[in-house]
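J.: Predicted model and sequence follow; I will ask about them next.
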Amino acid sequence: MTIEHPTAQQCHSCSAHLEHRLYCGSCEKIQQLGKGDDYFTIFEHPRQFKLDEAVVEQAFETLIMALHPDFYATAEPTEQALSLEHTALLHEAKNALFNPYLRGRYLLSLLVPELGASTSQPPQDFLIQTFEWQETLEQAQTSGGDLSGVEQVVSGEQQTVEDSLETQFQQLETYADQEELVEAIGANLGKLKFLLKLQERINDIKKNR
Amino acid sequence: MKELILGIDLGTTNSMAAWVSDHGAEVVENQENTTQTPSVVSLISPEQRLVGKSALAARTQHPQQTFFSFKRFMGRGIADINEDLSKLPFTVKSGDRDNLLLVAGDETYSPEEMSSFVLKEIKAQAEVVLGQPVKKVVITVPAHFDDPQRQATRDAAQLAGLEAVRIINEPTAAAIAYGLEDKAQGLVLVYDFGGGTFDVSILELKDKLFKVVATHGDTLLGGDDMDYMVVQSLARTLGLVGSLDPQTKQGLKKVAEQIKMGLTASLETTVTVELPAVGVNQEVRFKRSEFDQAIRPLVQRSLEHVQQALREADLSVQDIKEVVLVGGSTRVPLVRQMVSEKFDRPLHLNINPDQVVALGAATQGHLLSGGRRDFLLMDVVPLSLGLETLGGTFSKLVIKNASIPARAKEVFSTSADNQTGIDLNIYQGEREFVKDCRLLGKFKLSGIPAMPAGLPQVEVSFFVDQNGLLNVSAKELRSEVSAEIELVPAHGLKRSEVSQMIRDSYEQAEEDFGQRNLVEFRAKAEAIEAGLVKVWADAPKYLSTEEIETIQKHRLVLAEISQGQDPMALKAAIDTMGDLTREFADSIMGDAAKGVLGS
C-alpha cells in the first residue's frame, strides 16, 4: 500500500504555490491544516522512523520565524488564533519526533490508524532481562556504585531496538496489513519506552551526585 | 503609524517604563518627568495616596500606611509565604480565599491594587513625557512566577487601565536587550538578582532565534532579604530586642539600604541612625566584611539555583559563553565576586542592570506592534503543569522548560461504576505528590452518561499560551460531553472582582480619566488636522467657498482648544469638525478616509 498524501499545494488566499504547508511565502497568510498534514509532513520530512534531525531542525526554524504569535499580535483574530495553534503544533511535533518512542508510536498510528492510542507493553522476557540493570541502578543510587557499565548496556540495547524498528517500519510501509509485524513493532516500542525511562533514571542519578 | 506598546519593568523595589524611539530603546523620561518609580505606595488616607519617591519619603512618618515589596504577595496565599510577616512595618493579613491583603487604616488592598497604583503612576508619567495616550504594555515578571502570579500581574495592569499585551520573563527581556545589542551568539546565562526575586535563565542565541533552554529561581530571594540581614545585625548592635514598632522597622530598613549602597564602592560606611521611638540617635559604622558575612548565605542560595538550572539544561559552567548580570542586587561586590568565581571568568557588565529589563520589554513591544521582525524570543513554561490522579499523585501534562505556546492531552477514566462526574484538580510544581505542589484551580466535568468504571474516556487538554498562562478543557470522548474550564482561582482575584474594581476606580478617579481623555483627544485632533492637510488642496472641487471658510475657522479653533486643559471642550470641537467635514469626507474619499477625518 502506498501512502496517499493529498495535501493542498496552493495557498487558500492567493492561490500561489505553497513552499511550506503551514503558510504562504507569497501573501504571508497562514494556512489551515488539511488532510495529509502530520508531524512529519509539516517539516517536509518523509514519514519514516529514521529521523534526519537536521531537516526537522532547519524546517522548524523557518516555520517558527514565519508563524510565531509575536509576529501576528496586530493581525486579525483568525490569523492570531491560527498562529498560536500552529506554533503549539510545531513544538508538539518537534518534541514527539525527537523522542524515538513517541516518534514510533505516532508513526504506527499513522500507518495503522485503526489501532487507536493503545499503549504498548514490553514483553515479559525483556522485563526479566532488565531486573539486573535495575538492581545495579538501585545500588548506584544508594551507595554510589559505577554506572558506566549499565549505561553502556542500556544505550546499546536502545540502538538495537531502534535499528530493528527502522527495518520493521520499512516493511510496514510497503504492506500495512500485517498483524504480526504490527505486534512486533508494538513490542519493540514497549521496550524502547522502558529503555528511555531507564536512561532518564541514569541521568537523574548522575545529576544528583 | 505603529501602535505604541510600552515595556514596563514592574519591580519589587523599583519600576520603570521604556519605549522604542527613533534612537532605539530608551527609558521613558525627560528633564522634568520620569517613569522610574520606586514601587512604594503610601495610603495616608483613602483620599491621599502617594506613589513612588514621595511615598518613600513618607515612610518613617507613616510607617504603617507605607507599603513596599508587595510584588512578593501577588497571587500568593499565607501558606506560600515562608517569611515572617511580623517583621514588616505594615499589616498583611490573609483574605477569605487563599490570598493576602494589605491593611491601611480601615481599608484593605490587594497586592494587585497596590501594583496598579504604581502602574497608574508610570502610565501618567509616560503620557506626559511622550505626549500620547498609553494603552498597551508588555510587563515583565520573574521567570519563576507561576500561573496565579502572572494572572495577578495582568489584573494589576487591567486595574490601571492598561492592556498587558504580553507578559514576559525578566531574564529573557534582559537577554533580548543584551543579545541584540551585542549581536551575541551561543549559550548565555542571565543571573537576575532583583529586589525581591532571584532568577536564572539559560538561553541559546542562534541567529535570530533566542531560545530559553532552562530557567530556575526563587520568588522569595532578593535585595530585601539582604536588607533584612543587615537590619537584624543592626538591631543586635543597637541592643534592640523583642518586637519593634512600625516606625523603627521602617527606619532600620532605610538605614540598611543606605549601608548596602554605601558599601558598594567602599570597604566601610558610616550612617546616622535615628530611631526616636526607641531613643536611638547615633552614628553606626559598618564594614564590608560584616555585610558580606551577613549576606553570604543568600548569595550561596542563588548559586545553588544556578547549578540547578545548569543541571536541568544538561550543561556545565564551561559550556556557558557569557554571564549577564541583571538586577540591582548584582551591584553588591560579593555577588559579583562569587558569580565570577563560580564561572571562573570575568562577567558581562556593559549593560545597565537596572534598565536592561525595561529596555528588553520595550523591544519586545516594538516587535509585537509590527515595528520589527528580525528576532524571535522562544520562552518556556517555568514549572510543570498537571492534574491530580489516584492517590494524590501529580500527573504532569506540560513539563517544565517546554517551549510556549505548548499543548498536551491525556486521557483519564473513572474509578467507580456509573460515575457521572469527574473532578479535575489542576496543580503546578515539580514534586511527586499534589500536596507538595501549588493548586491552580478545580473543576468538575459532569454529565457523563452512566458507564462501568474505566470505560469513559475523559480527554483533558492543556494549552499554555504565549503569556505562559494556562487554559484547560476536558471532553468525554464516548459521549462528547465537554467543558471549557473557567478556573476558579485558588489565589488572587476573581474575574468579577477585577471588573468591579475597575468600575470603582473609574468612579473614584474621574479626574485621572479626564486627564487621560485629554491626551487621547489631543492625539485625535492632531490626526484630524494631518488628514485635512493631506486632502485640503482638493477642497474647492467639493465644497463651497462658505463651507471652506467655516472649516478653516474651525481648524484654528480646534488647534487652540487642543492646547487647553478641558477634555470635554476638546471632544465637542472634534465632534463639530466631524460634522463639518462628513460630507466632504464621504464625497472625496469614501469610507476609508472617514477614519482619518475622525467622523
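T.: Right, received. Where do you want to start?

J.: quick one: B:R154 and B:R166 touch, right?
T.: No. Here B:R154 does not reach B:R166: they are 10.0 Å apart, not a contact under Cβ atoms under 8 Å. Placement of C-beta: from N, CA and C, glycine included.

J.: which residues do those two both contact?
T.: Counting by Cβ atoms under 8 Å, 6 or more residues apart in numbering or on different chains, the common neighbours of B:R154 and B:R166 are B:139, B:467.

J.: Give me the more crowded residue out of the two.
T.: Legend: neighbour count by other Cβ atoms under 10 Å in any protein chain shown for B:R154 and B:R166, higher for B:R166 (24 against 20).

J.: would you say the more buried one is within a strand?
T.: Yes. Under DSSP: H, G, I helix; E, B strand; the rest coil, B:R166 sits within a strand.

J.: Please name the nearest non-neighbouring residue to it.
T.: Spatially, and ignoring its direct neighbours in sequence, B:R166 is nearest to B:V138 (4.6 Å; Cβ to Cβ, 6 or more residues apart in numbering or on different chains).

J.: so what's the one you found bridging to?
T.: B:G7, B:R166 (DSSP bridges).

J.: how's the chain carved up into domains?
T.: Chain wasn't specified; assuming chain A. A:1-98, A:120-207 (automatic domain parsing).

J.: switch to chain B, that's the one I care about
T.: If you go by automatic domain parsing, chain B breaks into B:5-222+B:296-378, B:385-496, B:509-597.

J.: Looking at the ones you listed, which is nearest to A:Y23?
T.: domain B:5-222+B:296-378 (13.5 Å; Cβ to Cβ).

J.: what is the mean pLDDT for the closest one?
T.: Domain B:5-222+B:296-378 comes out with an average pLDDT of 92.

J.: and it, how far out from the chain's middle?
T.: In terms of Cα atoms, centre = their mean, to the nearest Å, the centre of domain B:5-222+B:296-378 is found 6 Å from the chain centre.

J.: and A:N188, how far is that from A:D163?
T.: Using Cβ to Cβ, to the nearest Å, A:N188 is found at 10 Å from A:D163.

J.: Deepest-packed of the domains of chain B, please.
T.: Counting by mean count of other Cβ atoms under 10 Å in any protein chain shown, domain B:5-222+B:296-378 has the highest mean neighbour count of the domains of chain B, with a mean of 21.

J.: residues in contact with the residue of the stretch 251-400 of chain B found nearest chain A?
T.: Per Cβ to the nearest Cβ, B:L368 is where the stretch 251-400 of chain B lies closest to chain A, at 4.0 Å. For B:L368, the contact set (Cβ under 8 Å, 6+ apart) comprises A:70, A:73-74, B:5, B:138, B:165-166.

J.: Which positions in chain B make contact with chain A?
T.: B:3, B:165-166, B:207-209, B:311, B:314, B:364, B:367-370, B:373, B:376-378, B:402-408, B:411, B:463, B:465-466 (Cβ under 8 Å from any Cβ of the partner chain).

J.: Now, the residues you listed that are in helices?
T.: In helices, judged by DSSP state H, the following of the residues of chain B next to chain A are found: B:311, B:364, B:367-368.

J.: picking up where we left off before, nearest to B:A358, of the contacts of B:L368?
T.: B:V138 (9.6 Å).

J.: just checking, the closest one touches B:L359?
T.: No. Judged on Cβ under 8 Å, B:V138 makes no contact with B:L359 at a distance of 11.3 Å.

J.: which residues do those two both contact?
T.: With Cβ under 8 Å, 6+ apart, B:V138 and B:L359 have common neighbours B:G7.

J.: Close to chain B: what parts of chain A are there?
T.: Taking Cβ under 8 Å from any Cβ as the contact definition, chain A meets chain B at A:61, A:64-65, A:68-71, A:73-74, A:84, A:87-89, A:91-92, A:95, A:117, A:203, A:207.

J.: Can you say which of those are buried?
T.: By neighbour count, with 16 or more other Cβ atoms under 10 Å in any protein chain shown, the residues of chain A next to chain B hold A:61, A:64-65, A:68-71, A:73, A:84, A:87-89, A:91-92, A:95 as buried.

J.: circling back to that earlier point, if you look at the residues of chain B next to chain A, which of them are in strands?
T.: Counted as lying in strands by DSSP state E, out of these, are B:165-166, B:209, B:376-378, B:406-408, B:411, B:463.

J.: and of those, the nearest to chain A?
T.: Out of those, the member with the shortest distance to chain A (by Cβ to the nearest Cβ) is B:R407, at 4.5 Å.
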